[in-house]
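Undergrad: Just a sequence and a predicted model for now, questions to come.
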Amino acid sequence: IIISYIKFKNYKEELFIWTNDLSTKPPYLIEASKIYDNINEIYEQNNKKENSFEDKMRVFKDYVSMWAHQIKTPLFSLDLILNNHPIDAHGAKAEVFAIEEYVDTLLSYMRLESLSTDFVFEEASLDALINSSIKKYSKIFIRKKNRVDFRKTGLRLTTDKKWFSFILDQILSNSNKYTQDGKISFYMDGKKLIIQDTGIGIREEDLPRVFEKSYTGYNGRIYKKSTGIGLSLVKTTAENLSIDVGINSKLREGTQIILDLKNVLN
């Protein structure tokens, strides 16, 4: 009885130590049982979820920090405009629009990261969605002296209109940021929608990473206009809508964003 008690006590202590740190070597009786495999599997799954959560929180904190820094620019400009007499109403509205863009992007980022994001798929006119985004950015086109080249496609697709418009908005916002006195074109190449600008372009070494979160590349560092989240959100949103996204670009020649609509065209 005494020997059995001592063995039991030692086993209990080993089990207690192991349950407090599952990364340590388990007691023999547990290791040799099927229950260990189940516990170990759950432990590994929890580790992966914890690491994934920590990665997402780190990226989110980095983005919010950068976002807070970036939004100060239009706020500062707006403050200067409001202190001038007479007030430049057009300039003030442009800065307010820029602030709204930053806020909308942040909210969209948070919605996409949430498990509760709802997508409502319905038939829509591709031309109507493109025209809506062009109209939204019409004042920016005028201010940057950019021209729009868009011919009606007559195509219809099944998608979430709000999120598809978000994709177009993010692409147009980027194109206008890096294009001055140029042209932004929309056209179809087979089942692919091409959105092309004549802006500053992207360095070849930056292209493989432009869809990564918080990656701003050379343009973001030089021109200090990018939070590095826009194209990442485009990629994530497009995947949720069953749309493949690609990019072609040459420095000082412009950029093409390619939306492959083969899975959504009616």
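TA: The structure has been received and is ready for your questions.
Undergrad: got the buried residues for stretch 48-65?
TA: Using 16 or more other C-beta atoms under 10 Å as the burial criterion, the residues of stretch 48-65 that qualify are 59-60, 63. Backbone N, C-alpha and C define where each C-beta goes, glycine included.
Undergrad: Ok, stretch 172-189 next?
TA: Using 16+ other C-beta under 10 Å as the test for burial, stretch 172-189 gives 172-179, 182, 184-186.
Undergrad: which one of the residues you listed sits closest to Asp79?
TA: Lys177 (21.7 Å; C-beta to C-beta).
Undergrad: distance of that closest one from Glu41?
TA: Lys177 sits at a distance of 47 Å from Glu41 (criterion: C-beta to C-beta, to the nearest Å).
Undergrad: for the residue positioned nearest the centre of the chain, what are its contacts?
TA: Central residue of the chain (C-alpha atoms, centre = their mean): Leu233, 2.0 Å from the mean position. Applying C-beta atoms under 8 Å, 6 or more residues apart in numbering to Leu233 gives the contacts 105, 108-109, 112, 166, 170.
Undergrad: ok but it is inside a helix, no?
TA: Yes: counting by DSSP: H, G, I helix; E, B strand; the rest coil, Leu233 falls inside a helix.
Undergrad: please begin residue numbering at 27 from this point
TA: Sure thing, new numbering starts at 27, so read that last one as Leu259.
Undergrad: do you know how far it is from Leu133?
TA: Taken as C-beta to C-beta, the span from Leu259 to Leu133 is 11 Å.
Undergrad: Would you list the buried entries among the contacts of Leu259?
TA: 131, 134-135, 192, 196.
Undergrad: got CSV for those, with distance to Phe42 and secondary structure too?
TA: CSV is the format used below for the buried ones among the contacts of Leu259 (distance: C-beta to C-beta, whole Å; DSSP: H, G, I helix; E, B strand; the rest coil):
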residue, distance to Phe42, secondary structure
Thr131, 50, helix
Ser134, 48, helix
Tyr135, 44, helix
Phe192, 52, helix
Gln196, 53, helix
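Undergrad: any chance you could map the helices in this structure?
TA: 28-46, 54-57, 60-109, 115-139, 152-162, 164-170, 187-203, 243-249, 256-266 (DSSP state H).
Undergrad: orientation of the fifth one relative to helix 187-203 in degrees?
TA: I take that to be helix 152-162. Angle of helix 152-162 versus helix 187-203, following axes from the mean of the first three to the mean of the last three C-alpha atoms, to 10 degrees, is 50 degrees.
Undergrad: any idea of the mean pLDDT in stretch 263-273?
TA: Averaged over stretch 263-273, pLDDT sits at 94.
Undergrad: which residues are in contact with it?
TA: Contacts for stretch 263-273 (C-beta under 8 Å, 6+ apart): 134, 138, 143, 145, 185-186, 189-190, 192-193, 228, 233, 236-237, 257, 260-261, 281-290.
Undergrad: count of neighbours near Asn72?
TA: Residues contacting Asn72 under the criterion other C-beta atoms under 10 Å number 11.
Undergrad: Low-confidence ranges, the stretch 177-292 of the chain, go.
TA: Within the stretch 177-292 of the chain, the segments meeting pLDDT under 70 span 240-254.
Undergrad: mind running it again at 80?
TA: For the stretch 177-292 of the chain, applying pLDDT under 80 flags the ranges 239-255.
Undergrad: Verify the stated contact: Ile113 with Ile107.
TA: Yes: contact criterion C-beta atoms under 8 Å: Ile113 and Ile107 qualify, at 6.2 Å.
Undergrad: who has more neighbours, those two?
TA: Ile107 (18 against 11).
Undergrad: Glu121 versus the more buried one, what's the distance?
TA: In terms of C-beta to C-beta, Ile107 sits 7 Å off from Glu121.
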